[in-house]
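>>> Got a sequence here, can you model it:
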Amino acid sequence: MQPKTYIILLNYNGWEDSIECIESIFKCYNKNYHIILVDNNSPNNSVEKIELWAKGKLKIELDESNKLKSKTFPFIQKPLKYRLITEDESCNYFGLAEEYQLTIIKANKNKGFSYGNNIGIKHALSQKDSDFFWILNNDTIIDPNSLDELLKYFNKNSNRNLGILGAKVKYYDEPNMIQCAGGAKYNKWLAYGKQIGNQTIDNGEYDNNNINPDLIIGASMFVSNDFIKNVGLLSEDYFLYFEEQDWAERAKRKSFTLEYNYKAVIYHKEGRSIGGNQLNIRGISKLSDFYYARNKILFTKKFHNNFCVIMVYLSFFLIVANRIRRRQIDRIPMLIKIVLNPNKHYFEIK
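Numbering: from 1, shown residues only. This is a model prediction of the structure:
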């Protein structure tokens, strides 16, 4: 029997992206999966919109110029078999997943990336038939063979303690350009990750499995049930950013490996769900800027020595200088508050 994969998507105000992502998942050659979409308390009626789509009462339109239209079109026949449950019900709602194509879970409130994804993971665990979990950004679409390729890689390398498996992540708007080959290299002195292969044309240079990432990008993280049991859920300390660094570090300390399968390909609308895009640094939202800076400190304190912590604090002088250069003077008080107390959240310092 084929292993069962739970594909977990986190939605916040991005119902159109989520629908397009789900449509691409339905094109998978491997059909032994179940989709769990967790809505992080979206204020824009995302759940209602997704329900209307599932019932066949709402259609999304793809631009004729869309280079990836074949990954989602033609759309799956509606209505879908779906169920809608609350966060409170999610871990007490056993069985029946096989009767549905999609489970939608409404979170009570938005407590961040990890908290939302953990709701989905915990619900999948409660179903008692989970073999693998694919944490997938809702602003992605996938190649139809990607799930098969991820499973094949795990099966082929079952003799190793494989932890988190990454995919080849390419830009949705520029599908011949790589965002990253699985993940990133991480500089612990500056608390900075550099995505492997970022903004390079996909000419086959990264079509090998000899890449050794320090972390797997959060847009696509494929893990086993055994990994979850040994390493645990995503850390909820961060709200946004550094969750994948944390998971990767805990994995390595449990002797799990981080690996990359170039045959599994996803396309990412980078930055849409958080109001920014790494290709346009000045467009990054204040909330995104806050958590990226704050979590440098939290992560380094958690995993690295005092000298690393001192270096990260000193790096804030460079961060402030960059904000002055970009004429983002209004963000400097925010950065000072982070240094004084990195344990506070964005809504507490506004």
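>>> for this structure, what helix or strand is lowest in average pLDDT?
Least confident element among the helices and strands of the chain, by mean pLDDT, DSSP states H and E: helix 346-349 (a mean of 85).
>>> which residues of the stretch 1-150 of the chain fall in strands?
Counting by DSSP state E, counting those that start in this stretch, the stretch 1-150 of the chain has strands at residues 5-11, 33-39, 82-86, 102-106, 132-136, 140-142.
>>> Just send these back as CSV, with mean pLDDT too.
Compiled in CSV, the strands of the stretch 1-150 of the chain are given as follows (pLDDT from 0 to 100):
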stretch, mean pLDDT
strand 5-11, 98
strand 33-39, 97
strand 82-86, 94
strand 102-106, 96
strand 132-136, 98
strand 140-142, 98
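>>> To residue 69, which of these lies closest?
strand 140-142 (9.9 Å; Cβ to Cβ). The way it works is simple: take the backbone N, C-alpha and C, and place the C-beta from them, glycine included.
>>> just checking, what packs against that closest one?
helix 15-25, strand 257-268 (3 or more Cβ pairs under 8 Å, 6 or more residues apart in numbering; DSSP states H and E).
>>> which residues are in contact with the shortest one?
Applying Cβ atoms under 8 Å, 6 or more residues apart in numbering, the external contacts of helix 15-25 come out as 7, 9, 11, 33, 35, 37, 42, 44-47, 49-50, 53, 60, 62, 71-73, 75-76, 102, 136-142, 144, 269, 272-273.
>>> residue ranges with poor pLDDT in this protein?
Along the chain, the model assigns pLDDT under 70 to residues 93-98, 271-283, 350.
>>> sorry, back to before: buried set for the least confident helix or strand of the chain?
Within helix 346-349, the residues scored as buried using 16 or more other Cβ atoms under 10 Å are residue 346.
>>> In this protein, what residue spans correspond to helices?
15-25, 46-54, 87-90, 113-126, 146-156, 225-231, 243-253, 286-303, 306-325, 332-340, 346-349 (DSSP state H).
>>> Ok, which of those comes nearest residue 208?
Nearest of the helices of the chain (Cβ to Cβ): helix 146-156, 12.9 Å.
>>> Flag every buried residue along that closest one.
146, 147, 148, 149, 150, 151, 153, 154.
>>> The last one and residue 223: what is the separation?
Counting by Cβ to Cβ, to the nearest Å, the gap from residue 154 to residue 223 is 9 Å.
>>> Please identify every residue contacting each of these two.
Counting by Cβ under 8 Å, 6+ apart, the residues touching both residue 154 and residue 223 are 132, 165.
>>> sorry, back to before: now which of the contacts of helix 15-25 would you call buried?
7, 9, 11, 33, 35, 37, 42, 46-47, 49-50, 53, 71-72, 75, 102, 136-142, 144, 269, 272-273.
>>> residues touching residue 180, list them.
166, 169, 195, 196, 197, 198, 217 are the contacts of residue 180 under Cβ under 8 Å, 6+ apart.
>>> Same check on residue 30?
So residue 30 contacts 2, 5, 147, 148, 151 (Cβ under 8 Å, 6+ apart).
>>> Residue 221 versus that one, what's the distance?
Distance from residue 30 to residue 221, by Cβ to Cβ: 18 Å.
>>> Spatially, what comes nearest to residue 196 if we skip its sequence neighbours?
Leaving aside its chain neighbours, residue 196 sits nearest to residue 181 (4.5 Å; criterion: Cβ to Cβ, 6 or more residues apart in numbering).
>>> count of residues packed around the residue lying closest to residue 238 once chain neighbours are set aside?
Among residues not flanking residue 238 along the chain, residue 295 sits closest, at 4.8 Å (Cβ to Cβ, 6+ apart). Taking other Cβ atoms under 10 Å as the criterion, the count of residues near residue 295 is 23.
>>> my read: residue 295 touches residue 241, true?
Yes: between residue 295 and residue 241 there is a contact at 5.0 Å, judged by Cβ atoms under 8 Å.
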